[in-house]
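Participant: Return a 3D structure for these sequence lines:
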Amino acid sequence: MCYSEEQIIKGCLRNKRKAQKVLYTKYYRRMLGICLRYCSTKDEAEDVMLDGFMNIYSKIKLFNKKGSFEGWMRKIMVNTAIDNFRKNKKHYYHSDIEDFNEELVFEENQYERLSVKEILNTVQQLSKGYRMVFNLFVIEGYSHLEIADMLGISVNTSKTQLFKARKLLQKKIIEMNK
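Facilitator: Modelled structure (predicted):
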């Protein structure tokens, strides 16, 4: 049976397991894709995704039907990934942008030859801190000030992490294109 988004939301509001299962089944692939961008391994991404769905189920009453439901869930998944990062950030190395004087140089067409899967795999090879800042800045569109506030780091650290992420991605992409 096919359930409408409204029916799924109403069922989840009443804590109906069937509605929660339908929601999970309908969206898990997209939400896992989001989590994969922020996590080092598929196992970690699956754990973050499951935590994210638990957050969705517990916060669904806060969805105010302004904007898309999927967009609202996406934000919860990103915030769950950020929480996971914060919980483990003591394991990551940070440095400041002032330590670097290099410039990034990109060839015009170096990305055209890569598949989405190759690009995702390359991003996943970044260290956790680099990947987190890269995704928040480039994909989600947050400013360095917002990222610094979300992750509990300095603005300069956010800029540095992004610079290093881009530099490493550039290097890996150039190597892949050879």
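Participant: shaky segments in this protein?
Facilitator: Along the chain, segments meeting pLDDT under 70 span 1, 89-114, 116, 178.
Participant: Quick check, central residue of it?
Facilitator: Centrality entry for the chain: nearest residue to the mean C-alpha point is residue 38, 4.2 Å, by C-alpha atoms, centre = their mean.
Participant: Hmm, it is touching residue 79, no?
Facilitator: No - between residue 38 and residue 79 no contact is recorded; they are 10.5 Å apart, counting by C-beta atoms under 8 Å. For the C-beta atoms, the positions are set from N, CA and C on the backbone; glycine is no exception.
Participant: Which residues are in contact with each of these two?
Facilitator: Residues touching both residue 38 and residue 79 (C-beta atoms under 8 Å, 6 or more residues apart in numbering): none.
Participant: Nearest spatial neighbour of the residue nearest to the centre of the chain, chain-adjacent residues omitted?
Facilitator: With C-beta to C-beta, 6 or more residues apart in numbering as the measure, residue 81 is the residue that lies nearest to residue 38, at 3.7 Å, once sequence neighbours are left out.
Participant: so that neighbour is in which element?
Facilitator: Taking DSSP states H and E as the definition, residue 81 sits inside helix 69-88.
Participant: list the contacts for the residue nearest to residue 38?
Facilitator: 34-35, 38-39, 48, 52, 132.
Participant: distance of residue 153 from residue 177?
Facilitator: For residue 153, the distance to residue 177 (C-beta to C-beta, to the nearest Å) stands at 32 Å.
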